[in-house]
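# Sequence first, then the predicted structure, then my questions.
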Amino acid sequence: MLHKSLIFCAAVFISTAAIADEWLRSIPEFELSDHTGVTHTLDTYLDKDFVVFYVQGVGCPIARIALPNYREVRDEFASKNIEFVMFNANIQDDIRRIAKEADEFGIDFPIIKDDGQVLAKALGVERTAEVFIVNPRTKEVLFRGPINDQLGYETQKVSASKHYLKDALNTVIAGGTVDMDNIPDSKGCLIAIFDT
């Protein structure tokens, strides 16, 4: 009986590890332009310790409301060697619409247009307002999830009580590994992913 229990536990562990590996994918090489016309590649960030990617979508209320939270994290980690950017994988959002949204809402981050949904497909993106911490040299995704617990569907707390992105950044800066079991799914607008 003990032998069967050990086999079961090992199978669960392997299955859980496989799910974790699938959840935290690696980022591919890419060459994409942002809403100001600047071209970004993974090599663009090689001098950075980490890059944080935020999934943006034109017209998404959750992505808009979460923007100050993302800006707050960037400002808090301004002295660290970390780049903060956004990318938009919505098929219907062209550069003109993205630039208009950036202007209207004072978005002071580069918004990379994810043509062909290269990043979204590779990272397994499903919704806006999700963030990813990436090591640009190893291409590893070290964290994915919401910025904090302030926003939900049709709910909004006055202030966040859990700061997932900040905690994850502090963990990886210290050389640790983020425990993804304690990170909930991100809330955001659905992104339609198209097969090519």
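Cool, got the structure. Residues are numbered from 1 along each chain as shown.

# Just the buried positions in stretch 126-143, please.
Within stretch 126-143, the residues scored as buried using 16 or more other C-beta atoms under 10 Å are 127-136, 141-143. For glycine as for every other residue, the C-beta is placed from the backbone atoms N, C-alpha and C.

# Can I get it in PDB, CA atoms only?
Extracted as PDB, the C-alpha positions of stretch 126-143 are listed here (Å, rounded to 0.1, in the frame of the first residue of the first chain):
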ATOM      1  CA  GLU A 126      -5.300  34.500 -22.900                       C
ATOM      2  CA  ARG A 127      -6.200  37.900 -21.300                       C
ATOM      3  CA  THR A 128      -5.100  41.400 -21.000                       C
ATOM      4  CA  ALA A 129      -3.600  42.900 -17.800                       C
ATOM      5  CA  GLU A 130      -1.400  39.900 -17.300                       C
ATOM      6  CA  VAL A 131       2.300  40.500 -16.500                       C
ATOM      7  CA  PHE A 132       5.300  38.400 -17.300                       C
ATOM      8  CA  ILE A 133       8.800  38.600 -15.800                       C
ATOM      9  CA  VAL A 134      11.400  37.500 -18.300                       C
ATOM     10  CA  ASN A 135      15.200  36.900 -18.100                       C
ATOM     11  CA  PRO A 136      16.300  38.300 -21.500                       C
ATOM     12  CA  ARG A 137      19.500  36.300 -21.500                       C
ATOM     13  CA  THR A 138      18.100  32.800 -20.800                       C
ATOM     14  CA  LYS A 139      14.600  33.600 -22.300                       C
ATOM     15  CA  GLU A 140      13.000  32.100 -19.200                       C
ATOM     16  CA  VAL A 141       9.700  33.300 -17.900                       C
ATOM     17  CA  LEU A 142      10.100  33.600 -14.200                       C
ATOM     18  CA  PHE A 143       6.600  34.800 -13.300                       C
END
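
# now the buried residues of stretch 126-143 as CSV including secondary structure and pLDDT?
Below are the buried residues of stretch 126-143 laid out as CSV (DSSP: H, G, I helix; E, B strand; the rest coil; pLDDT from 0 to 100):
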residue, secondary structure, pLDDT
127, strand, 93
128, coil, 95
129, coil, 94
130, coil, 96
131, strand, 97
132, strand, 97
133, strand, 97
134, strand, 96
135, coil, 96
136, coil, 95
141, strand, 95
142, strand, 96
143, strand, 96
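
# In the protein, which residue is most central in space?
residue 131 (2.2 Å; C-alpha atoms, centre = their mean).

# my read: that one touches residue 50, true?
No. Counting by C-beta atoms under 8 Å, residue 131 stays clear of residue 50, with 11.5 Å between them.

# Appreciated, that's everything.
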